[in-house]
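**Student:** no sequence on this one, just coordinates:
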Ligand SMILES: [Zn+2]
């Protein structure tokens, strides 16, 4: 069984607010929710889709949407389906990200490119010709992007799902784009691949979710899965808290990691029977075991 084509379909774009749309992921693996936000002067695109063909479609859609307005591109984090199409925007858009994400792209981009090419033939084909792109503009922790009559806030959250996670909010409309800090209808993705990548942090992620909840957004656009309200944030917070507690209580009583993973998996499948991505539960347990007593 080969995986379905991770194809972005801009024709399915949905309007969340005036001059603000999401190209939904259609629940396909390795397709992100992509945002396009307009102001009187400029338009911001959030995430590119996996590979050059997808990014070309997103750029064509954004160009049509912009009708002559200046284009910006940002990415929620460096993972391939979110950022590995950015080179297509060179010359057409200003690519801006937070510093930690720019460093992720440079340091981890090439390794992730090879790893993803090895996942599946479909993915390898999508990634042909991809080179992790260098941003045009890098900010440290916070950047207010004035699109003309609409200011969009770009903020680095600090290490959580990855080192360089970025959240983008449109305060005037209460819209928040979270990238993979939030998924709907699936277990949180822990890219825990020791010794190659151990950047994900369950405890920091939980703290980030608390902070995002305090902002009380009206609409939350997850990295993957259906757009929703603030309950999207609460769902992830609750899951991460339960994952931590169930892992640590077993760690406290000296249970081995394999047993912990099996038991916690059973607890989670019973608690969230509808969720996809079961393979990420034990990655999360592995991560949280190392953060215990830390
Ligand atoms: Zn990710």
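**Tutor:** Yep, it's here. Not measured: the values here are computed from a predicted model.
**Student:** which residues in the stretch 101-250 of the chain form helices?
**Tutor:** 121-126, 202-214, 231-252 (DSSP state H, counting those that start in this stretch).
**Student:** and the ion, which of those helices is closest to it?
**Tutor:** helix 202-214 (11.8 Å; Cβ to the ion). Yep, even glycine has a C-beta here, placed from its N, CA and C like the rest.
**Student:** and the gap between residue 76 and the ion?
**Tutor:** Residue 76 sits at a distance of 8 Å from the ion (criterion: Cβ to the ion, to the nearest Å).
**Student:** Would you enumerate the residues in contact with that residue?
**Tutor:** Residues in contact with residue 76, defined by Cβ atoms under 8 Å, 6 or more residues apart in numbering, are 32, 46-47, 82, 165-168, 177-181, 223.
**Student:** Now find how far off-centre the stretch of helix or strand residue 21 belongs to is within its chain.
**Tutor:** Using DSSP states H and E, the element containing residue 21 is strand 20-23. How far strand 20-23 lies from its chain's middle: 16 Å, per Cα atoms, centre = their mean, to the nearest Å.
**Student:** From residue 104, how far off is residue 196?
**Tutor:** 13 Å (Cβ to Cβ, to the nearest Å).
**Student:** scratch that, residue 22
**Tutor:** Taken as Cβ to Cβ, the span from residue 22 to residue 104 is 24 Å.
**Student:** Settle it for me: which of those two has more neighbours?
**Tutor:** Legend: neighbour count by other Cβ atoms under 10 Å for residue 22 and residue 104, higher for residue 104 (25 against 21).
**Student:** Hmm, residue 163 and that one touching each other?
**Tutor:** Yes: under the criterion of Cβ atoms under 8 Å, residue 104 makes contact with residue 163 at 5.3 Å.
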